[in-house]
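Chemist: what follows is a protein structure lacking sequence information:
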């Protein structure tokens, strides 16, 4: 009776562990989904904007020129659904649930150990959320879903191999019929091992080769296999992994460099000591799958046999869960400026200029130049740049990335377009499309460039392509009405400033990827009778802090805006330059009293701080004069452009 009660307690303990393990696995999926939706909405938006899936036969054929084409095609297809973040994340979590189920069945993981399956899942999550600025430079299409789909299909193939290799006869073990069946079964397994990568490699690339390696490990780890069969399987697996990529490279796929044929389906990062860490999640994924293959059939030996072993089971599972949770949190990319840039880009695309300024006003860190450029663009479109340009925190913080990130890549195409340099926006869309693959973002910008440039035929071409996407047809309908009606476009508030700035001429040259410097130079050196252009020319002269360039543009602005009160920052620059150089008599100019008081106060404080370095002076001056051109001129120097 006592023994029966003891066994009942052990069984009950085992059920609790099973429930804990299953609950933890499912709850982990919900936590990641909730975190993505709550804190990464702008990232999900950008990922789908940097994606393109067309429901055309040509698009499918374009994917089929390299191995792993099914992964990229499916990856692009499912990434489209991130247009509605809740739907895209639901599909992603569904894929993860299927992947965990297939792993559990393929590697015979008992219910009480399903928490171990969170290790490969965590690696896949980190692959997506730790990229940061790499999202602009990755050439792998549909990367947000690729690893999940590739792993699922690879492990499903392993499941099929395991099912094939464990076929047994009902006859006695020593019978000749059973021996013949075992031989046939072994031959079929070896044939499966050799031929499966012939099917999987062109479809899922690297993951097809990984499946072959996992099959070999399953066979080698089985106690029932003979030494000769193990040697044969090992040889066949190595031959398959080497032969099939070379075969397809020589006779089918010719657009992949031979050094990369074993890695198709994986993103390619520039390899050096720091950037190679981006491959760490892939190493963990492969290592964890190999571990599961080695442990296949051995889990039952670690069952709950006593209360003591039950406690140990629970401690091990909690430890695994803690390590997995900490790893995901630690490697989750949480850069403040990166996410602010994404939110501001989203507002720029919607022409929500007040939204851009709301983001700029909430500055908890030194901004990047991309943030400053988008903020100034919003001020320009609202007609407030001359009065408020220095009311926001400025800076030139380098993007938090192990690679040189250009402002051109982050926001350059939108900046050029909105300032009327349409040819440059068009050019960079094409260059990036060729280098990284065309994306929905590129096609949208190309259509807008064609519209304002009056090229109706090209606008129709890009509109036609975007109509083959799932969600961008509504966006096309919004702008398609302007095709053939350029007069309506120039009168529309969204396009009117762009068309006015285009009148100054837009001759294509080299910008050296320095968007801000090139833009300012274009305005300072350009010529146009449009008052809007003259305002930008004067603002650009302020940016350059060039006194000789400032005065002609200051008087041009005054003459072209006779009924407009001179903006504060223009007055501050004129008042300061008039005191620095006596070439222009400013005594007759009607400066605002606040402009004079700020100047006098700034100079008085400068005398008190004589002998201090600029670094020491900035925190003293900023609370009182950070909103003025005086602070900008004297204490904001040598900012690096990216």
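Modeler: Cool, the structure landed. Predicted, not measured: the structure shown is a model, and the values here were computed from it. Numbers count the residues shown, from 1 in each chain.
Chemist: and the closest residue to residue 159 other than its chain neighbours, what does it touch?
Modeler: Nearest-residue entry for residue 159: residue 106, 3.6 Å, with adjacent residues in sequence omitted and distances by Cβ to Cβ, 6 or more residues apart in numbering. Any C-beta I mention is one placed from the backbone N, CA and C, and that applies to glycine too. Contacts for residue 106 (Cβ atoms under 8 Å, 6 or more residues apart in numbering) come out as 155, 156, 158, 159, 162, 296.
Chemist: so which helix or strand takes in residue 99?
Modeler: Using DSSP states H and E, residue 99 sits in helix 85-106.
Chemist: most widely separated two among the contacts of residue 106?
Modeler: The largest separation in the contacts of residue 106, counting by Cβ to Cβ, is between 156 and 296 at 14.9 Å.
Chemist: hmm, back to that, okay, the contacts of residue 106 in JSON lines with neighbour count and distance to residue 203 next?
Modeler: What follows is the contacts of residue 106, written out as JSON lines (neighbours: other Cβ atoms under 10 Å; distance: Cβ to Cβ, whole Å):
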{"residue": "155", "neighbour count": "27", "distance to residue 203": "14"}
{"residue": "156", "neighbour count": "17", "distance to residue 203": "12"}
{"residue": "158", "neighbour count": "28", "distance to residue 203": "15"}
{"residue": "159", "neighbour count": "18", "distance to residue 203": "17"}
{"residue": "162", "neighbour count": "22", "distance to residue 203": "20"}
{"residue": "296", "neighbour count": "19", "distance to residue 203": "24"}
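Chemist: which member of those is positioned nearest residue 240?
Modeler: Checking the contacts of residue 106 against residue 240 with Cβ to Cβ, the nearest one is residue 158 at 13.8 Å.
Chemist: I'd like to know which elements the one helix or strand the closest one maps to is packed against.
Modeler: Take DSSP H and E as the rule and residue 158 turns out to sit in helix 143-165. Counting by 3 or more Cβ pairs under 8 Å, 6 or more residues apart in numbering; DSSP states H and E, the packing neighbours recorded for helix 143-165 are helix 69-79, helix 85-106, helix 118-129, helix 176-204, helix 206-221, helix 280-295.
Chemist: of all the ones you listed, which lies closest to residue 624?
Modeler: Using Cβ to Cβ, the nearest of the helices and strands packed on helix 143-165 to residue 624 is helix 118-129, at 41.7 Å.
Chemist: in the protein, what secondary structure element scores lowest on mean pLDDT?
Modeler: In the chain, no helix or strand scores lower on mean pLDDT, DSSP states H and E than helix 2-39, which sits at a mean of 66.
Chemist: that helix: what's the following helix or strand?
Modeler: Sequence order places helix 41-49 as the next helix or strand after helix 2-39, per DSSP H and E.
Chemist: mind listing what's buried along the next helix or strand along the chain from that next one?
Modeler: The C-terminal neighbour of helix 41-49 among helices and strands, as given by DSSP H and E, is helix 57-63. By neighbour count on 16 or more other Cβ atoms under 10 Å, the buried set for helix 57-63 is 59, 62, 63.
Chemist: spit out the contact partners of the last one.
Modeler: This means residue 63. Residue 63 makes contacts with 69, 70, 72, 73, 76, 141, as judged by Cβ under 8 Å, 6+ apart.
Chemist: of those residues - the most surrounded one?
Modeler: Counting neighbours by other Cβ atoms under 10 Å, the top entry in the contacts of residue 63 is residue 72, with 26 neighbours.
Chemist: any figure for the gap between that residue and residue 105?
Modeler: Distance, residue 72 to residue 105, using Cβ to Cβ, to the nearest Å: 27 Å.
Chemist: cool, residue 548 as well?
Modeler: Distance check for residue 548 against residue 105: by Cβ to Cβ, it reads 76 Å.
Chemist: what's the answer for residue 630, then?
Modeler: Noted for residue 630: a distance of 71 Å to residue 105, by Cβ to Cβ.
Chemist: between the two, which is the more surrounded one?
Modeler: Between residue 630 and residue 105, residue 630 has the larger neighbour count (other Cβ under 10 Å), namely 23 against 15.
Chemist: does the more buried one touch residue 602 like I think?
Modeler: Yes. Using Cβ atoms under 8 Å, residue 630 is in contact with residue 602, at 4.5 Å.
Chemist: and the residue nearest the centre of the chain, helix, strand or coil?
Modeler: Nearest to the geometric centre of the chain sits residue 135, at 3.0 Å (Cα atoms, centre = their mean). Following DSSP: H, G, I helix; E, B strand; the rest coil, the label given to residue 135 is helix.
Chemist: list the contacts for it?
Modeler: With contact set as Cβ under 8 Å, 6+ apart, residue 135 has these partners: 43, 46, 47, 50.
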